[in-house]
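Colleague: 3D model of this:
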Amino acid sequence: MSGGGTATETVWSWRDRGVLLLLALAILLDGVDNQVLGLVAPAILADWQIDKNALAPVLAVGQFGMMIGTLLGGLWGDRVGRRRALLFCVFLFGSTTLAMSRVDDVLMLTVLRLAAGIGMGGALPNAAALAAECTPPRYRVVAVTMTIVCIPLGGVVGGALAAQILPTQGWRVMMQWAGALPLLLLLVLWRGLPNDRPRSIAPETTLGEIASQLRGLLSRDRRRDTLALWGAFGFCLMAIYASFSWLPTMLVDSGRDLAEASRGLMYFNLGGVVTALLAAGLMTRFGSRRPLALMALAAAVLSLLFLAGGIDTMSADLLLLLLTLLGGCINGVQTTLYALASHLYPSSIRATGIGTASSIGRLGGISSAFFGAALLAAFGGAGLFVLLFGAMCITLVALLIIRNHI
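Modeller: Sure thing, here's the model as predicted:
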């Protein structure tokens with residue numbers, strides 16, 4: 001994307017590859033901050049002496065913020081430039097996560113998590129659009145997936161940090177690390193990301209242009225694929241964020257310690273990194289329909305295995321293995337959905353299309369906070385896997401409805 005342009009069909013310069021690396025680092029830290037509240041939730045519950053239902057609104061409002069951020073961030077990036085929008089979003093989620101380390105009540109935690117969610121959500125479509133535009137078309141699926149896969153990779157990093165920090169230094173120090181790292185990266189992004197060319201739009205025509213772009217997503221030739229894509233995003237994100245928010249708490253409730261619970265989420269994310277990269281390679285060669293459908297089906301089957309096996313009696317090694325496979329399939333679907341979304345829409349509405357799909361999908365993330373709390377309270381650890389099974393079955397159906405696969 002040298003000089004604000006787009007990579008050609010054959011030339012992929014080292015500068016453009018460096019831009020892709022910076023985008024990946026930004027999304028990696030987005031992933032750390034995205035999951036940090038789930039990682040520290042058991043410690044906050046114990047520290048503040050509150051129950052799961054009291055923390056559910058905080059988890060949900062973060063998803064609501066991401067819904068706003070992904071929608072407005074994509075629209076804003078298409079107009080003012082993806083670089084400018086991405087820099088602001090990284091500053092927003094880094095500074096508010098850092099501020100969360102100082103709060104002492106649920107209300108302030110909720111307000112700050114809302115702001116952080118807006119920043120985390122807004123970073124995704126702009127990073128995905130920038131990755132697509134600095135990459136030749138033949139490598140675009142791999143490039144976008146390598147960027148978005150850094151969300152679960154951020155969970156791996158966050159889980160590893162939490163396993164070391166939480167038992168000895170507490171949740172506030174963990175939040176300080178999660179907030180400070182994006183702010184340090186911001187200086188590198190400021191120097192390293194090239195300026196892209198925003199579209200010049202008169203203020204009085206902005207709303208009309210936005211409406212026109214949204215209508216473009218639902219034009220006759222795109223309507224079926226857009227609606228099915230929204231469904232796949234929504235239910236897959238429900239499964240993802242039910243796991244991000246409640247998996248460590250569920251593991252602690254089943255008798256595991258904080259370090260083991262953090263490792264459980266780390267392995268869940270690690271599986272997603274490996275599977276998403278493998279799926280990206282398969283999609284480049286065979287298209288997206290079969291790899292995505294097979295991962296969704298496998299996630300549903302693995303959820304049933306957890307229900308049948310009984311998480312309380314599993315050995316630590318078997319538990320981590322199954323969590324790696326389950327996280328691989330669920331995260332693998334979610335991260336490669338961004339590549340599919342970038343394929344479905346032309347450049348003029350690409351960030352809007354990605355952002356809208358991710359934004360509407362956040363409704364699934366919002367509902368997962370409440371459904372997860374209710375099902376854990378009612379059924380223990382089994383409740384989480386009932387939710388994952390149902391969500392991934394519906395995701396599978398939505399993927400099969402999409403016609404214009406890669």
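
Colleague: center of the chain - which residue?
Modeller: Of all residues in the chain, the one closest to the mean position by Cα atoms, centre = their mean is Ile151, 5.3 Å from it.

Colleague: Assess the claim that it and Asp30 are in contact.
Modeller: Yes. With contact defined as Cβ atoms under 8 Å, Ile151 reaches Asp30; the gap is 6.5 Å. Where C-beta positions appear, they are placed from N, C-alpha and C, glycine not excepted.

Colleague: tell me, what's touching those two both at once?
Modeller: Leu124 (Cβ atoms under 8 Å, 6 or more residues apart in numbering).

Colleague: List the contacts of Ser254.
Modeller: Ile311, Asp312, Gly380, Gly381.

Colleague: Look up how far Leu399 lies from it.
Modeller: Applying Cβ to Cβ, to the nearest Å, the value for Ser254 to Leu399 is 32 Å.

Colleague: Which of the helices or strands spans the residue nearest to Ala232 when sequence neighbours are not counted?
Modeller: Take Ala232 and drop its neighbours on the chain: the residue closest to it by Cβ to Cβ, 6 or more residues apart in numbering is Ala398, 4.0 Å away. Assessed by DSSP states H and E, Ala398 sits inside helix 381-401.

Colleague: Next: Val111.
Modeller: Going by DSSP H and E, Val111 is part of helix 106-133.

Colleague: what angle do whichever helix or strand comes after that helix and helix 106-133 make?
Modeller: The first helix or strand that comes after helix 106-133 along the chain, using DSSP H and E, is helix 140-148. For helix 140-148 against helix 106-133, the angle by axes from the mean of the first three to the mean of the last three Cα atoms, to 10 degrees is 160 degrees.

Colleague: Need the residues that contact whichever helix or strand comes after helix 140-148.
Modeller: Next in sequence after helix 140-148, counting helices and strands by DSSP H and E, comes helix 150-169. By Cβ under 8 Å, 6+ apart, the residues outside helix 150-169 that reach it are 24-25, 27-36, 39-40, 43, 124, 173-174, 177-178, 244, 257-259, 262-270, 272-273, 276, 327, 331, 334-335.

Colleague: Any of these buried? List them.
Modeller: Neighbour counting with 16 or more other Cβ atoms under 10 Å marks 24-25, 27-36, 39-40, 43, 124, 174, 177-178, 244, 258, 262-270, 272-273, 276, 327, 331, 334-335 as buried within the contacts of helix 150-169.

Colleague: Tell me where the stretch 201-350 of the chain has helices.
Modeller: Secondary structure of the stretch 201-350 of the chain, counting by DSSP state H, counting those that start in this stretch: helices at 206-217, 223-253, 258-286, 289-309, 316-344, 350-379.

Colleague: Run through the stretch 251-400 of the chain and note the low-pLDDT ranges.
Modeller: 351 (pLDDT under 70).

Colleague: hmm, 90 instead?
Modeller: Flagging of the stretch 251-400 of the chain using pLDDT under 90 yields the residue ranges 251-291, 305-322, 328, 331-332, 334-386.

Colleague: Then the stretch 51-200 of the chain?
Modeller: In the stretch 51-200 of the chain (pLDDT under 90), the answer is 51-85, 121, 124-160, 162-164, 166-168, 187, 191-200.

Colleague: Leu92 is in contact with Ala115, isn't it?
Modeller: Yes. Counting by Cβ under 8 Å, Leu92 does reach Ala115; the two are 6.3 Å apart.

Colleague: Skipping adjacent residues, who's closest to Val40 in space?
Modeller: Leaving aside its sequence neighbours, Val40 sits nearest to Trp171 (Cβ to Cβ, 6+ apart; 3.8 Å).

Colleague: The one you found - how many residues pack around it?
Modeller: 23 (other Cβ atoms under 10 Å).

Colleague: got it, and the one 5 residues further on?
Modeller: Burial of Gln176 is recorded as 18 neighbouring residues (other Cβ under 10 Å).

Colleague: Can you name the residues that contact it?
Modeller: Gln176 neighbours (Cβ under 8 Å, 6+ apart): Leu98, Ser101.

Colleague: Repeat that for Thr147.
Modeller: Contacts of Thr147 by Cβ under 8 Å, 6+ apart are Leu20, Leu23, Ala24, Ile27, Ala127, Ala128, Ala131, Tyr338.

Colleague: pretty sure Leu109 contacts Pro57?
Modeller: No. Between Leu109 and Pro57 there is no contact under Cβ under 8 Å: 9.7 Å.

Colleague: of the two, who's got more company?
Modeller: Leu109 (22 against 18).

Colleague: how near is the more buried one to Leu214?
Modeller: 33 Å.

Colleague: do the same with Val149
Modeller: 28 Å.

Colleague: Neighbour count for the two, which is higher?
Modeller: With neighbours defined as other Cβ under 10 Å, Val149 and Leu214 compare such that Val149 has more, 30 against 15.

Colleague: residues touching that one, list them.
Modeller: Gly272, Val273, Ala276, Leu277, Ala280, Asn331, Thr335.

Colleague: any idea how far the second one lies from Ala24?
Modeller: What it means is Val273. For Val273 relative to Ala24 (Cβ to Cβ), the value is 11 Å.

Colleague: So for these two, which residues contact both of them?
Modeller: With Cβ under 8 Å, 6+ apart, Val273 and Ala24 have no common neighbours.

Colleague: hang on, the earlier thing: give the PyMOL command for selecting the buried subset of the contacts of Ser254.
Modeller: Entered in PyMOL, the line below selects the buried ones among the contacts of Ser254, by 16+ other Cβ under 10 Å:
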select buried, resi 311+381
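
Colleague: OK, contacts around Ala279?
Modeller: Thr145, Pro291, Leu292, Met295, Gly332, Thr336.
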